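>>> next one to model:
(2 chains)
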Amino acid sequence: MRSRVVAFLAVLLLTLAACGGAVSVSPPPSVTASPFPAVLTDFQNRSVTVPARPERLVSIGPSITAFLFALGAGPRVVGVDDFSDEPAEAATREHVGGIKVNFEKVVALKPDLVFTVKFSDGTIEKLQSASLNVLVVDPQSVSDVAKTATLRGKAVGADGEALSRSIQQRVDAVKAKTATLTARPRVYHEIDASDPTKIFTVGPGSYINDLIDIAGGTNIAARAASAYPQLSAEEILRTDPEIIVLAASDYAAKPAQVGARQGWSVIAAVKSGHIFTIEPNLINRPGPRVGEAAEAYAKIVHPELFR
Amino acid sequence: MRTLWILAFLAVAVVVSAAAGILIGTVAIGPGDVIAALLGSNDVSGTIIRELRLPRVLGAALVGGSLATAGALLQGLLRNPLADPFVTGTSAGATLAAVAAIALGATAPIVPLAAFAGALAAVTIVWRLARLGGSTTVLTVLLAGVVLTSFVGAVVTFILVSSDRLALRLRAVLGWLQGGVSVISWDELAVAAVIVAAGLGFALFLAHRLDAYAFGEETAATLGVDPDRTTTAVLAATALLSGAAVALAGLVGFVGLVVPHALRFAIGATHRRLIPASFFAGAAALVLADLGARVVLSPAELPVGAITGLVGAPFFLALLVRSRRIVV
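Numbering: from 1, shown residues only, chains lettered A, B, ... in the order given. Model (predicted):
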């Protein structure tokens, strides 16, 4: 019984890790300026050579898939992970697994370039040992996301610079309004409260922590020890958030449920009714919609500035 | 007289461990503020103490007391020092029923009742299996428990893994299966307290019959104790207590095994003493284990089942070795 539970939890942890877990932020990747062969430095500081314009792409990571389609490389994507559903067309591609990558399927698709997010379970090494050309792209900050558009563009032979600029402009427009604000409300962002004594939230080094900051808020867990720390309900009460943000999904708690939790009625956000939901795919995936994500979060934190 | 002293000592132990459980938490709150909070102070510390820590400590006490009492009952009924709700699969049965109830959309008061029904079914099955050979030997009881626990484990895993596909909100069950006291509301605690009170009252009422049982069923019958009715009653009381414990804290192992066994050395095997002593000692033990779960790796929190398992499993092995030497 216990070992099954442990196995199940391990899978859950892997999901978190695969979704961009507590890994150190890499320095921004550098890009050499030439068409093909392109020599790129990926997010594991490896030098990756793309000899010619890749025609068969496999994408492991929903944010990568969204980027490839945004760059116009969608028609060349032959395989995606099970979670890739943006844009809708992406889900029609061959699926190569989710939490566990199906290596046989990836190899059978004969990709000339495999894009993947970081894995801590040896997945990337295994892909490489299958003689696949692997490029790891896994930004964990908003500014890195925009920069990766250039890297991804170089890899597939598309104009990443333009996409990078348009993303950065949208983010900068939000920053321009919030950067000088002195009133920065305390924000508690709930990831998962399945266990009410150990609630997952976002800490420093996480993508959502960055979004809260850009939106002009103060993350109550900004000084936590990890990117996805667990807080006790006691700590949430003590930090007294003025705004609570939940994922708008079937699995997440609903605003009314959060307000009704034992003891939570003393929290400022509960008293004022400032409990909001946000589209999880928009803010969980460091993809091309990062500008939209910053705007959506800023609308919650500073509705007076963003209408 | 000595028994009274021991009972008084155990009652004090419950109060002291509860005080420690209330004083220590992730947010540091001084003793003065804690007392003010218990008297009804109107600030965040007050809410943290009254609405978060107090129900958790009371929940841990109920869970520990119930498991230890259920363990004492099972050990008496099976005349087997290695029995408790966890190793016999009784808790696993309660877990299966509770998970199934949650999967079907049941809420607070239904879940403990489902857990009770599951515990009753499981403990009855174990009892029947154990008696197949005509006598209830240690190993048949343990094997029946192992079989039941792994079967339930398989079914629960199946429900959990398919729950995503069925769009069920079952992720809460994960933390619960590890054994953790996470009291969500006073309502939940009140329902459990009523069930525990019924189970404990029942257990005290049955104590003298279990004492007669210690000499074997034939002797018990000559003393005017109806073995079948007594068996049924003991199984029901065990199920009430284990069901309430599982509903509050999931799978917490070994408390029910270690506590009554250790108490037998201190106060003897008389159930009229053993049952109330087990309740108090179990309550104190689990409040302390839960406190340990909170502070050992602070600020991270261990599931309390890990603490009880660390202490209980070696104890269980030692008992198993002894029971093989002394033929039971």
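
>>> give me the residues contacting stretch A:149-167.
Stretch A:149-167 is contacted from outside by A:29, A:31-32, A:35-36, A:38, A:40, A:42, A:48, A:50, A:53-54, A:57, A:64, A:67-68, A:70-73, A:76, A:113, A:115, A:135, A:137, A:145-148, A:288, A:290-291, using C-beta atoms under 8 Å, 6 or more residues apart in numbering or on different chains. From N, CA and C alone the C-beta is placed, and that goes for glycine too.

>>> can you check stretch A:42-54 too?
Under C-beta under 8 Å, 6+ apart, the answer for stretch A:42-54 is A:26-27, A:29, A:36-41, A:76, A:111-113, A:118, A:124, A:133-139, A:151, A:154-157.

>>> verify the stated contact: residue A:195 with residue B:184.
No: contact criterion C-beta atoms under 8 Å: residue A:195 and residue B:184 do not qualify, at 10.5 Å.

>>> on that earlier part again, please pick the buried ones from the contacts of stretch A:42-54.
With burial judged by 16 or more other C-beta atoms under 10 Å in any protein chain shown, the buried subset of the contacts of stretch A:42-54 is A:26, A:29, A:38, A:40-41, A:76, A:111-113, A:118, A:124, A:133-139, A:151, A:154-157.

>>> and the pLDDT for the closest residue to chain B within the stretch 201-307 of chain A?
Residue nearest to chain B within the stretch 201-307 of chain A: residue A:263 (3.1 Å; C-beta to the nearest C-beta). pLDDT recorded at residue A:263 is 90.

>>> over to residue B:77?
On the pLDDT scale, residue B:77 gets 86.

>>> about what we covered before: restricted to strands, list the contacts of stretch A:42-54.
Secondary structure from DSSP state E places A:38-41, A:113, A:134-136 of the contacts of stretch A:42-54 in strands.

>>> can you give me the helices in chain B?
B:2-23, B:31-38, B:44-47, B:54-78, B:90-103, B:110-131, B:138-165, B:172-177, B:186-213, B:217-222, B:227-249, B:255-267, B:271-295, B:304-325 (DSSP state H).

>>> still on that earlier bit, and the residue of the stretch 201-307 of chain A closest to chain B, how many neighbours?
Other residues lying near residue A:263 total 22 when counted by other C-beta atoms under 10 Å in any protein chain shown.

>>> now do residue B:69
As a burial measure, residue B:69 scores 36 neighbours (other C-beta under 10 Å).

>>> picking up where we left off before, hmm, which of the contacts of stretch A:149-167 are the buried ones?
Neighbour-count burial (16+ other C-beta under 10 Å) is assigned, among the contacts of stretch A:149-167, to A:29, A:31, A:38, A:40, A:42, A:48, A:50, A:53-54, A:57, A:64, A:67-68, A:70-71, A:73, A:76, A:113, A:115, A:135, A:137, A:145-148, A:288, A:290-291.

>>> about what we covered before: closest one of the ones in strands among the contacts of stretch A:42-54 to chain B?
For the ones in strands among the contacts of stretch A:42-54, the closest approach to chain B (C-beta to the nearest C-beta) belongs to residue A:136, at 27.2 Å.

>>> that closest one contacts residue A:116, correct?
Yes: at 5.8 Å, residue A:136 counts as touching residue A:116 under the criterion of C-beta under 8 Å.

>>> need the residues touching each of these two.
residue A:124.

>>> from the buried ones among the contacts of stretch A:149-167, which land in strands?
Those of the buried ones among the contacts of stretch A:149-167 lying in strands (DSSP E): A:38, A:40, A:48, A:50, A:57, A:113, A:115, A:135.

>>> roughly how far does the third one sit from residue B:128?
If you measure residue A:48 against residue B:128 using C-beta to C-beta, to the nearest Å, the figure is 64 Å.

>>> again, but for the second one
Between residue A:40 and residue B:128 the computed distance is 68 Å (C-beta to C-beta).

>>> where's residue A:304, which helix or strand?
Under DSSP states H and E, no helix or strand contains residue A:304.

>>> count of neighbours near residue B:84?
Residue B:84 is flanked by 32 other residues according to other C-beta under 10 Å.

>>> next one: residue B:201
By other C-beta under 10 Å, 12 other residues sit near residue B:201.

>>> what does residue A:183 give?
Residue A:183 has 11 neighbouring residues, counting by other C-beta under 10 Å.

>>> mind checking the SS state of it?
coil (DSSP: H, G, I helix; E, B strand; the rest coil).

>>> let's see the pLDDT reported for it.
Each residue has a pLDDT score; the one for residue A:183 is 92.

>>> and what of residue A:27?
Listed pLDDT for residue A:27 reads 49.

>>> please apply the same query to residue A:180.
89.

>>> cool, residue B:74 as well?
Per-residue confidence at residue B:74 stands at 91 (pLDDT).

>>> that one contacts residue B:238, correct?
Yes: counting by C-beta under 8 Å, residue B:238 is a contact partner of residue B:74 at 5.7 Å.

>>> pLDDT weak spots in chain B?
Across chain B, residues meeting the criterion (pLDDT under 70) sit at B:1, B:107-108, B:133-138, B:163-176, B:178, B:183, B:299, B:323-328.

>>> if you set the cut-off to 50 instead, what comes out?
Across chain B, the ranges flagged by pLDDT under 50 are B:167, B:326-328.

>>> distance of the residue nearest the centre of it from residue B:20?
In chain B, the residue lying closest to the centroid (C-alpha atoms, centre = their mean) is residue B:67, at 2.2 Å. From residue B:67 across to residue B:20, the span is 20 Å (C-beta to C-beta).

>>> test my guess that residue A:196 contacts residue B:180.
No: taking contacts as C-beta under 8 Å, residue A:196 lies outside contact range of residue B:180: 9.7 Å.

>>> need the contact list for residue A:60.
Residue A:60 neighbours (C-beta under 8 Å, 6+ apart): A:80-81, A:96, A:101, A:114-117, A:123.

>>> closest to residue A:205 among those?
Of all these, residue A:205 sits closest to residue A:117, with 15.4 Å by C-beta to C-beta.

>>> right, and the closest one touches residue A:67 too?
No: applying C-beta under 8 Å as the test, residue A:117 and residue A:67 come out as separate, 11.3 Å apart.

>>> any idea which helix or strand of chain A has the worst average confidence?
helix A:2-18 (a mean of 43; mean pLDDT, DSSP states H and E).

>>> can you list the weak-confidence ranges in the stretch 101-250 of chain A?
For the stretch 101-250 of chain A (pLDDT under 50), the answer is none.

>>> which parts of it sit against chain B?
A:192, A:194-198, A:225, A:229-230, A:232-235, A:237-238, A:240, A:250 (C-beta under 8 Å from any C-beta of the partner chain).

>>> which among those residues end up buried?
For those, a neighbour count by 16+ other C-beta under 10 Å gives the buried set as A:192, A:194-198, A:229-230, A:232-235, A:237-238, A:240.

>>> out of these, name the ones that lie in strands.
Per DSSP E, these map to strands at A:192, A:230.

>>> just the closest of the buried ones among the residues of the stretch 101-250 of chain A next to chain B to residue B:272, please.
For those, the nearest to residue B:272 is residue A:197 (36.9 Å; C-beta to C-beta).

>>> how about the contacts made by the closest one?
A:232-233, B:56, B:175, B:180-182, B:301.

>>> repeat for residue A:111
If a contact means C-beta under 8 Å, 6+ apart, then residue A:111 has A:54, A:56-58, A:78-79, A:132-133 as its contacts.

>>> between those, which is nearest residue B:224?
Distance to residue B:224, by C-beta to C-beta, is smallest for residue A:79 among the contacts of residue A:111, at 76.3 Å.
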